[in-house]
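Enquirer: Fold the stuff below for me.
(3 chains)
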Amino acid sequence: MSKLSEKFLAARNYDLAGTLTSGQAFRWRAVGQEWLGVVRGNPVLLRQEAGGVVGRGLGGGPADWQVVADYLQVSVEIDAVTETFPKDGVMERAVEACRGLRLLRQEPWECLASFILSSTKQIVQIQQIVRALCECYGERIVVQSEVIKEPLYSFPSAERLAGLDEAALRSCKMGFRAPYLLETARRVASGAVDLEGIRHLKTAEAREVLVSLPGVGEKIANCVLLFAYGFQDAFPVDVWVKRAVTELYFPKRKPTEKRLRRFIETHFGPNAGYAQQYLFHYMRVRKR
DNA sequence: CTCCAGGCGCCTT
DNA sequence: AAGGCGCATGGA
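Expert: The predicted model follows:
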């Protein structure tokens, strides 16, 4: 592997490992000191360096580093974002514990499909299911590297999955989520739902479109709005975030569901989505 | 072994 | 509107 294929992506205060393992994306795998993954069809190895991220392209041709930079959101001034978080002990601790954590800007279809598979699954299990799906129905990507021995696969397109049946999907161990993924793939592939068009809608309208898909409720819709489209006001509330907010902000008495929702909507400011990810990751790293 | 996981859909009140 | 339950699978 020649040095020529390396690319330095400048980024101030970027925690690559934290970002890639914080439950936003499920395809990254540690290989030595690097992270192996596929970004919009570009097979890459990424590693942390002072002042940024270094990428190595693994494909036959040159990798599209503009696409990778956008995916990683390296140009986001993260300090300016965390600056807008509420000045309370909880968020200060979360920022301290997760310094450099970013929200990714993922491909909508991969993000949507992955989160349909996420319901009542631990992150390791989501990774396993997604990996099985890619190995079975993704396209083989030829890797030019002596280091990476195993084959890489693209994330299977909606069109590809739409042509399968439920049993084929169940073979990837996704259980009751199979019919949801299949029907959603068919609606996306047929054009009944336009994932690119969602980009130009307001948050509430975009959420409405996503929630209309089978297997997609408020939580998963918010994950896609935040992790794929960058709607900063989308705030996924899962068991961890609910637990975090309840324990950290209402230690005395458990709030009602309505009270909890209202608190979340008003407390976290203009970058609530980012705040949510810091809370989520903080709860997870705190546990270990 | 039991418990529960980045939920959702559907059926009761 | 709000609450309860089943769903399929496998880590912990």
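
Enquirer: tally of neighbours for A:Leu36?
Expert: 22 (other Cβ atoms under 10 Å). Where C-beta positions appear, they are placed from N, C-alpha and C, glycine not excepted.

Enquirer: Can you classify it as helix, strand or coil?
Expert: strand (DSSP: H, G, I helix; E, B strand; the rest coil).

Enquirer: now it: how far from A:Val209?
Expert: 33 Å (Cβ to Cβ, to the nearest Å).

Enquirer: can you check A:Ala185 too?
Expert: In terms of Cβ to Cβ, A:Ala185 sits 16 Å off from A:Val209.

Enquirer: Kindly tell me how buried A:Glu139 is, as a neighbour count.
Expert: For A:Glu139, using other Cβ under 10 Å, the count is 13.

Enquirer: what do you get for A:Gln144?
Expert: 13.

Enquirer: give me every residue that touches A:Thr21.
Expert: Applying Cβ atoms under 8 Å, 6 or more residues apart in numbering to A:Thr21 gives the contacts A:Trp28.

Enquirer: no, scratch that, I was asking about A:Gly23
Expert: Applying Cβ under 8 Å, 6+ apart to A:Gly23 gives the contacts A:123, A:280-281, A:284.

Enquirer: are any of the residues you listed buried, and which?
Expert: Among the contacts of A:Gly23, those classed as buried by 16 or more other Cβ atoms under 10 Å are A:280-281, A:284.

Enquirer: in the helix or strand A:Ile220 falls within, what's buried?
Expert: Secondary structure from DSSP states H and E places A:Ile220 in helix A:218-227. Within helix A:218-227, the residues that count as buried by 16+ other Cβ under 10 Å are A:219-227.

Enquirer: if we can go back for a sec, out of the contacts of A:Gly23, which one sits closest to A:Val130?
Expert: A:Ile123 (10.5 Å; Cβ to Cβ).

Enquirer: from the buried residues of helix A:218-227, which is closest to A:Phe176?
Expert: Distances from A:Phe176 to these, taken by Cβ to Cβ, are shortest for A:Ile220, at 14.4 Å.

Enquirer: From A:Ile116, how far off is the closest one?
Expert: For A:Ile220, the distance to A:Ile116 - Cβ to Cβ - is 6 Å.

Enquirer: One more: A:Ala63?
Expert: Distance from A:Ala63 to A:Ile116, by Cβ to Cβ: 28 Å.

Enquirer: I'm done for today, thanks for sticking with me.
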